[in-house]
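Student: Sharing a model prediction with you, sequence too.
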Amino acid sequence: MLSGSTDVVALTSIVDAFPATEVRFLPSLHAKVYVADEKEAVVTSANMTDNGLARNLEYGVHLTDPDVVHRVRSDVLDFASLGSTISVAQLKAFVGIVLELRDLHRAADRSIKARLRREFARKLEQANIEIVRARAGGRAPHAIFADAIRYFLRAGPATTESLNRAIQQIHPDLCDDRVDRIIDGRHFGKKWKHAVRTAQQYLKRLGEIELAGGRWQLVA
């Protein structure tokens, strides 16, 4: 958000213009998919920007087969369900955070004073905490990871190691091996593999998954 690669001002404008819009927060997703009325879909390299939609040379596939469009839509919604819904209030709070951080960053760049740089670092860490809090959406890490385990095991059995790699790939901010942030009494960061194990045992107790031959699988 600070670099502008995610434009929270633009997202806020979209939500204001189309109140039925739902924004979900899930990092690392690079695919661009547009589905209209469950009848047509475009899978493309184009971002939803003026350059992406009107100026750049992009490549995409226009789909009209109802079964394919339905599959594309289902894939996107299933993956989106792993992220947290971001409210209009949260988006607008992020706008304020980003604008403040940009001003501080510019001031720190212009100054050699260590105090400003420390202030920027402090504000940046506060922003990171708010972002992770929004990402969690009030859920504990093991609850978020349980959804991811269900999602990945639909593709077939997997070892704990492969599940860890897949979960860290889609939740890099919640699986940061460098930090241990305690937010609302919950650990986010270094202890993420412990939360994955908790999620596995939780799903096993519910009878949703089982361990067979060293691989976790969904219970039919």
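Tutor: Perfect, I can see it now.
Student: ok, which stretches of the protein are helices?
Tutor: All helices of the chain, identified by DSSP state H, fall at 8-17, 50, 66-80, 88-110, 114-136, 141-153, 160-170, 192-205.
Student: closest to Thr44 out of those helices?
Tutor: Comparison of those against Thr44 by Cβ to Cβ identifies helix 66-80 as nearest, at 11.8 Å. Backbone N, C-alpha and C define where each C-beta goes, glycine included.
Student: ok, the residue nearest to Leu29 when sequence neighbours are not counted - how many residues close by?
Tutor: The shortest distance from Leu29 to any residue other than its chain neighbours is 7.3 Å, reached at Phe79 (Cβ to Cβ, 6 or more residues apart in numbering). Using other Cβ atoms under 10 Å, the number of residues around Phe79 comes to 16.
Student: What mean pLDDT does stretch 30-40 get?
Tutor: Across stretch 30-40, pLDDT averages out at 94.
Student: Let me see the contact set for Asp176.
Tutor: Contact analysis of Asp176 by Cβ atoms under 8 Å, 6 or more residues apart in numbering lists 188-190, 192.
Student: Please list all residues in contact with the residue nearest to the spatial centre of the chain.
Tutor: Computing the C-alpha centroid of the chain and ranking residues by Cα atoms, centre = their mean puts Leu26 first, at 1.1 Å. When contacts are counted by Cβ under 8 Å, 6+ apart, Leu26 touches 79-80, 82-84, 170.
Student: For the contacts of Asp176, name the two members farthest from one another.
Tutor: So, the contacts of Asp176 by Cβ to Cβ: farthest apart are Phe188 and Lys190, at 9.0 Å.
Student: shared neighbours, these two?
Tutor: The contact sets of Phe188 and Lys190 overlap at 176, 180 (Cβ under 8 Å, 6+ apart).
Student: Sketch out the low-pLDDT regions of this protein for me.
Tutor: 111-112 (pLDDT under 70).
Student: How is it divided into domains?
Tutor: For the chain, the structural domains run 27-81, 141-218, going by automatic domain parsing.
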